[in-house]
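Student: Here is my input, please return the structure:
(2 chains)
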Amino acid sequence: MLGRGLKRKLSDYEESMAGLSSAFDSSRGLPYPLKRQLVLNMCLTKLQTYKMLVEPNLHRSVLIANTVRQIQEEMRQESNQQPVSICPGIAPASHSYTGLESPGISLQLPSGVGQQESHCCDLRSVEDPIENSLLIVSDDDMSSAISSILKDLDFVEDISPPTCLVPTGDDQPKFPENTGLKLEDDRQDLKGAECVFGSFEISNSTSYLKDLAIDDIFEDIDTSMYDSDFCCPPLMPPRSPSLATEEPLKTFPSCNSSSANNIQICRTDLSELDHIMEILVGS
Amino acid sequence: MAVVARAAGDGGGSSSEVQWCFLQVKGAIDEDVAEADIISTVEFNYTGDLLATGDKGGRVVIFQREQETKSRPLSRGEYNVYSTFQSHEPEFDYLKSLEIEEKINKIRWLPQQNAAHFLLSTNDKTIKLWKISERDKRAEGYNLKDEDGRLREPFRVTELRVPTLKPMDLMVEASPRRTFANAHTYHINSISVNSDYATYLSADDLRINLWHLEVTNRSFNIVDIKPANMEELTEVITAAEFHPHHCNVFVYSSSKGTIRLCDMRSAALCDQHSKFFEEPEDPSSRSFFSEIISSISDVKFSHSGRYMMTRDYLSVKVWDINMENRPVETYQVHEYLRSKLCSLYENDCIFDKFECCWNGSDSTIMTGSYNNFFRTFERNMPRDTTLEASRESSKPRAILKPRKVCTTGKRKKDEITVDSLDFNKKILHTAWHPMENIIAVAATNNLYLFQEKVN
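Tutor: Reported below is the predicted structural model:
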């Protein structure tokens, strides 16, 4: 238990999390919303951890994401039943794309309520201080997180037999929409559930391009603000578009790829890169 | 369920309970377990004479059953190392900057058609066909080369002789005959040899491919559940198996606890299932973790082909393939864990993938649990037993004592409480001899063999 006057540190947070999960199991006394919040926190923490891995486990991530969706749905139904609505803008049906306009989930421990545009947080701030100190997540944040988790996958073409190729034509239209909105968001911490599925396609070309190729291509650009651990920088940060797109071609042949499929992937990624450049240049 | 311990000499018309004796244990005794030595798959061949294990280090070890001989009557049924080889090496995919683990996910034997043995072994990405053959003779007396292999000077050859075969110490060679690569984007979780003995399937998280054993540069995709928009992904494939007799039928299980049976005659792409097996959820046991614990970790057809068995986190279910709306039998493996799900979720144990297996006559099923416990369920009785694979009970022919987990407050003697279970000691992989009552249980880096007590 915390002593009087002691500040709550991150390590204490972790210890109390571990304590809370066994408390969840053993005691019947924990109120349901608190239990739910606890499970939600654990899910988001796990997704966050998986995102850091080079190769997150698809099976586990899908299960955890489904659990988050389930909790989110439950919370949304409860908030819909609330007589006082402080969140006029939230329509349950239209969450998947409007959600992109709100910031991603922040895993910082808010001393109060630390998020802009978190419509429902006003509702929660009147509740228990313990709940406040846990992760407070609004419906929109979560739906935007879940939606944008997998959006990154549209960038990636996977190695598959011709019958199953996702037509790249479908990917392109979604891309600029995402680009535009992400440019607004890139200052936000797109943490938590964000981008986990983005590195799924074990092909992982997205992160390859982010981490390696783009650094090589845009060497003269200061990338320090995108080097944060939690930030999953979008594929098209506002960098100088002056560099010719022939540059990527020089980097890819150096990859040691043994199958023609890999080269196909390079070419598709290059065409997407071209597309990004066009958007940035505004042509 | 309560453990029923009966004396071996119990009469009565119905079969008495099988009593298990320790037979052998393979593997290092050290407390420090090397990661590479952790056993990741166990499989008997069709006759039960050979037992293959794969480990995280990419190695395959094959044990062979000793023939009963008059000179060594006590070594009846012992398994000794027959062959060891490195099946898969760690690979690095340079384009994706990913390391591909060499861990052997599954081994499946092919039926024996000549003197050599064949098996398929797979890691996350690549399946290999291995030929294991014996050599116990060598030729001597070549004309053109000496005994040590050097070429003889032609003018020294003064007479022709016929080389003769001389016996030599048995040498077992394993050679890779086929490599089936580059067909899976996601991690392969299952392979299954078809009853036509010519084709097999391989399944990853989102796709199932059909291969011909002779053709390595082409495979047919027969199931693809990848959504066009990955944002909509809510379900993955967790296991797949061919029907033991109908070469056009296979099943695959999902992370949502459903099983789909597909008929390859109906369409080239079997995205439309022929049968859909799902048990309606019990609303009273719903929790935040309901979906996670419903994820099926293994699916196995019975030898008869009439039933199939699925393993989810807390239970084993037997399904009649003619009845889709619910299983015919459900066995709770470790129901006492239901109240611990949050802690098990936190330490990731809830994602452990337990396998299950049938005995030769389909009368009994077996699956593993924690604390090196494994459970057998006799279907006809019904009767179940909890046993432990431990060094303590590893004396030759020692009878295994049934174990019991205490679920109430009062712990009886010899019972173990749920909180004192060791969740690091998990038995995920077990195998049952196809005809006899011999079982192989993998406990981390050790392989235990148990045999039915014979009077």
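Student: Tell me the bridge partners for B:Phe373.
Tutor: Here B:Phe373 sits in beta bridges with B:Glu388, going by DSSP bridges.
Student: typo on my end, it should be B:Glu415
Tutor: Residues in beta-bridge contact with B:Glu415 (DSSP bridges): B:Lys404.
Student: count of neighbours near it?
Tutor: 13 (other C-beta atoms under 10 Å in any protein chain shown). For the C-beta atoms, the positions are set from N, CA and C on the backbone; glycine is no exception.
Student: ok, now which ones touch the nearest residue to B:Lys453 once chain neighbours are set aside?
Tutor: Counting by C-beta to C-beta, 6 or more residues apart in numbering or on different chains, B:Lys453 lies nearest to B:Gln19, which is 4.2 Å off, once chain neighbours are set aside. B:Gln19 makes contacts with B:8, B:399-400, B:452-453, as judged by C-beta atoms under 8 Å, 6 or more residues apart in numbering or on different chains.
Student: what pLDDT does B:Gln19 get?
Tutor: For B:Gln19, the pLDDT comes out at 90.
Student: which residues of the stretch 351-455 of chain B score low on pLDDT?
Tutor: For the stretch 351-455 of chain B, the stretches flagged by pLDDT under 70 are B:455.
Student: so where do the strands sit in it?
Tutor: Using DSSP state E, counting those that start in this stretch, the strands found in the stretch 351-455 of chain B span residues B:356-358, B:364-368, B:373-378, B:383-388, B:404-406, B:415-417, B:429-432, B:438-443, B:446-452.
Student: which of those sits most buried?
Tutor: strand B:438-443 (a mean of 26; mean count of other C-beta atoms under 10 Å in any protein chain shown).
Student: Partner strands of that one, with direction?
Tutor: By DSSP bridges, strand B:438-443 pairs with strand B:429-432 (antiparallel), strand B:446-452 (antiparallel).
Student: could the ones you listed be laid out in JSON lines, adding distance to B:Ser97?
Tutor: Compiled in JSON lines, the strands paired with strand B:438-443 are given as follows (distance: least, C-beta to C-beta, whole Å):
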{"stretch": "strand B:429-432", "distance to B:Ser97": "31"}
{"stretch": "strand B:446-452", "distance to B:Ser97": "35"}
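Student: ok, B:Asp384 to B:Leu314 distance?
Tutor: 14 Å (C-beta to C-beta, to the nearest Å).
Student: and if you look at B:Asn123?
Tutor: For B:Asn123, the distance to B:Leu314 - C-beta to C-beta - is 29 Å.
Student: who has more neighbours, these two?
Tutor: B:Asn123 (25 against 21).
Student: nearest to B:Asp93, of the strands paired with strand B:438-443?
Tutor: For B:Asp93, the closest of these is strand B:429-432, at 27.0 Å, according to C-beta to C-beta.
Student: now what about the closest one, what contacts it?
Tutor: Contacts of strand B:429-432 (C-beta under 8 Å, 6+ apart): B:39-44, B:51, B:355-360, B:366-368, B:374, B:438-442.
Student: Counting neighbours, what do you get for residue 78?
Tutor: You didn't pick a chain, so chain A it is. Using other C-beta under 10 Å: A:Glu78 sits among 11 other residues.
Student: Not quite, go with chain B.
Tutor: Other residues lying near B:Glu78 total 17 when counted by other C-beta under 10 Å.
Student: does it really touch B:Leu23, like I thought?
Tutor: Yes. Here B:Glu78 lies in contact with B:Leu23, judged by C-beta atoms under 8 Å, at a distance of 7.0 Å.
Student: bridging residues for B:Asp55?
Tutor: Counting by DSSP bridges, B:Asp55 is bridged to B:Ile39.
Student: shouldn't it be in contact with B:Glu35?
Tutor: No. B:Asp55 lies out of contact with B:Glu35 (C-beta under 8 Å); the separation is 9.4 Å.
Student: Right, I'll call it a day here.
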